[in-house]
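S.K.: Take this sequence and fold it.
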Amino acid sequence: MYRMSDDIEKILLSEEEIDKIVEKVATEIDRDYDNSGKELLLLSILKGSIVFMGDLMKKIKRPAEIDFMRVSSYSGTETRGKVDIILDLHRDRLENTDIIIVEDIIDSGNTLAYLTDYLGLKGAHSVKCAAMLDKPSRRKVNFNADYVGEEIPDYFVVGYGLDYEEKYRNLPYIGILKPEVYTK
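M.R.: Numbers count the residues shown, from 1 in each chain. Coordinates of the predicted model:
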């Protein structure tokens, strides 16, 4: 019987480590937005960040709304350098809203740099980013997240929402995918 775990070279972050990371990010967000006086919106970038977003929103103590956008900038394992908005954010009163873009991983930085500018132009009071993982060695634009769970080396990782060809998202940990799986 095939098991997804057979395709994992090594577990990079266990369920317990992930829980501590999410708690740390939630605590930082609570600290920074404690007295903002604005609406807080957690904006999940589908599909990868949905697991991180679900855990993060449960740990944030202050009131927060959630919403979703879906964008595409990858083909297989490589970024195309172009961001396509597939599902946009449709809200009124963004001038009274602090948006935190919730993302699974920052790679090239293209998508998040684009979305930060885009949401600012739509009138958001502020736009920040919370990423579960950051791969600064792959950055192609000058972008740094405001909240980073864990900085990682240039591994191809899956699990906890991260995928390869829509598989592995449901692994409860983050693992390094065996190269033979994605270089076939």
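S.K.: who's the residue minimising distance to the centre of the chain bridged to?
M.R.: With distances taken as CA atoms, centre = their mean, Glu103 lies nearest the centre of the chain, 1.3 Å away. Going by DSSP bridges, Glu103 is paired in beta bridges with Ala131.
S.K.: can you give me the strands in this protein?
M.R.: Using DSSP state E, the strands found in the chain span residues 8-13, 39-46, 65-75, 78-87, 97-106, 126-134, 147-151, 157-158, 174-177.
S.K.: Redo those strands as CSV? Include distance to Ile29.
M.R.: (Glycine included, C-beta is placed from N, CA and C.) Output for the strands of the chain, formatted as CSV (distance: least, CB to CB, whole Å):
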stretch, distance to Ile29
strand 8-13, 20
strand 39-46, 8
strand 65-75, 13
strand 78-87, 24
strand 97-106, 7
strand 126-134, 7
strand 147-151, 6
strand 157-158, 23
strand 174-177, 21
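S.K.: Which of those comes out lowest on mean pLDDT?
M.R.: Among those, strand 78-87 carries the lowest mean pLDDT, a mean of 77.
S.K.: Pull the contacting residues for the residue nearest to the centre of the chain.
M.R.: 45, 48-49, 52, 111-112, 129-132, 145 (CB atoms under 8 Å, 6 or more residues apart in numbering).
S.K.: Need the max-distance pair from those residues.
M.R.: Greatest spacing in the contacts of Glu103, by CB to CB: Phe52 and Thr111 (15.3 Å).
S.K.: Give me the more crowded residue out of the two.
M.R.: Of the pair Phe52 and Thr111, Phe52 is the one with more neighbours under other CB atoms under 10 Å, namely 26 against 23.
S.K.: How much space separates the closest residue in space to that one that isn't next to it in sequence from Val148?
M.R.: The shortest distance from Phe52 to any non-neighbouring residue, by CB to CB, 6 or more residues apart in numbering, is to Met132 (4.5 Å). The gap separating Met132 from Val148 is 8 Å, by CB to CB, to the nearest Å.
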